[in-house]
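Participant: Quick check, what structure comes out for this input:
(one chain, ligands or ions: 1)
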Amino acid sequence: MLVRSRERHVKEISLLRKHSLRIMSGRRVVVFPSVAELGSTLAQLVSSRAEKALSTGASFSLGLSGGSLVSILSKELPAVPNLDCSRWLIGFCDERLVPFTDPESTYGLYKNQLFGKIIIPEERILAIEPSLPVQECADDYAGKLSKAFNTEQIPVFDMLLLGMGPDGHTCSLFPDHPLLQESQRTVAPISDSPKPPPQRVTMTLPTVNAARCVVFVSTGGSKAAVLKQVLEGGEGPALPAALVAPRQGELFWLVDEPAAASLTSQVERPGPGAKL
Ligand SMILES: O=C1O[C@H](COP(=O)(O)O)[C@@H](O)[C@H](O)[C@H]1O
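Facilitator: Residues are numbered from 1 along each chain as shown. Down below sits the predicted model:
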């Protein structure tokens, strides 16, 4: 009897702690012992938000980023049992203006590593047209989003998966770049990306912050210092990743132990197989 009530108390305290953590910061920082465990929880999270969106709507819209996320997601998402992606709509949070066959192309990487392993109609993947000049390419991609979401306003994605570079950039929004001030456009071109290739197309902050759920994935010791700065603050203007704060949506930071090494604020460390 005593054991049962103690267990209940511990459970309640842990729930309360989780709840207050979320209220205090408006975001959940979740630390995993390995990239594999992070990846499998990420895949579960995508699948659970897809189920939620599809239980009330006609489709589940998911924005993908490039970089290290590609291999993490491509390994773990197809392993989710009974995953039905036929009503998913996939867009790209940013894309490099190179042919799809170029190893820098985010679409190209997902095509090779993921799209062949999940069943998703080709027409439900909204990619850029890389043969266009960068400005036209951004306009064309913004038009595709506008048509798919049937709106002239900012599209509201169900979920966006973001990465963060060691300089604090996310999407193709770089520190001190004028694009951080963009308040009207859904998508913008960039021709002077400090990280190659220089020409890219990116979602803007208003689009990112309109999403229902934003999930950052950040792994490795090279991200430790910048992660601390983004999550706990530091000198100078806020870094692009720190400007991501969905107006009405959820914000997750899924990180591994090396990336979390310098954090001193409270984080969650879920047990194996835990769901977010
Ligand atoms: O250039 C880019 O970098 C970021 C971060 O990539 P990571 O390899 O450090 O995780 C990525 O999110 C973005 O999509 C990409 O274009």
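Participant: Okay, helices next: where are they in the stretch 1-150 of the chain?
Facilitator: 2-25, 35-56, 69-76, 106-110, 134-149 (DSSP state H, counting those that start in this stretch).
Participant: Tell me the buried residues in the third one?
Facilitator: For helix 69-76, burial by neighbour count (16 or more other C-beta atoms under 10 Å) applies to L69, V70, I72, L73, S74, K75, E76. C-betas here are computed from N, CA, C, even on glycine.
Participant: Which residues are in contact with the first one?
Facilitator: Residues near L69 by C-beta atoms under 8 Å, 6 or more residues apart in numbering: L161, L162, G163, V217.
Participant: What does the pLDDT read for it?
Facilitator: L69 is assigned 98 on the pLDDT scale.
Participant: Show me the shaky parts of the stretch 101-250 of the chain.
Facilitator: Applying pLDDT under 70 to the stretch 101-250 of the chain picks out no residues at all.
Participant: Enumerate the residues of the stretch 101-250 of the chain near the ligand.
Facilitator: Within the stretch 101-250 of the chain, the positions lying close to the ligand (C-beta under 6 Å from any ligand atom) are L162, G163, M164, G165, S172, K195.
Participant: Can you tell me the closest non-neighbouring residue to the residue nearest the centre of the chain?
Facilitator: Central residue of the chain (C-alpha atoms, centre = their mean): L161, 1.6 Å from the mean position. Nearest residue to L161, sequence neighbours excluded (C-beta to C-beta, 6 or more residues apart in numbering): V215, at 5.3 Å.
Participant: Number of residues surrounding that neighbour?
Facilitator: The number of residues packed near V215 is 23, by other C-beta atoms under 10 Å.
Participant: Can I take it that it is in a strand?
Facilitator: Yes. Per DSSP: H, G, I helix; E, B strand; the rest coil, V215 lies within a strand segment.
Participant: what sits opposite it in the beta ladder?
Facilitator: L161, F252 (DSSP bridges).
Participant: Identify the residues contacting it.
Facilitator: V215 touches L42, L45, M159, L160, L161, L162, L251, F252, W253, L254, counting by C-beta under 8 Å, 6+ apart.
Participant: give me that answer again for 7 Å
Facilitator: L42, L45, M159, L161, L162, F252, L254 (C-beta atoms under 7 Å, 6 or more residues apart in numbering).
Participant: And F216, by the same measure?
Facilitator: Counting by C-beta under 7 Å, 6+ apart, the residues that F216 touches are L162, M164, A241, F252, W253, L254.
Participant: One more pass at 6 Å, please.
Facilitator: L162, M164, W253 (C-beta atoms under 6 Å, 6 or more residues apart in numbering).
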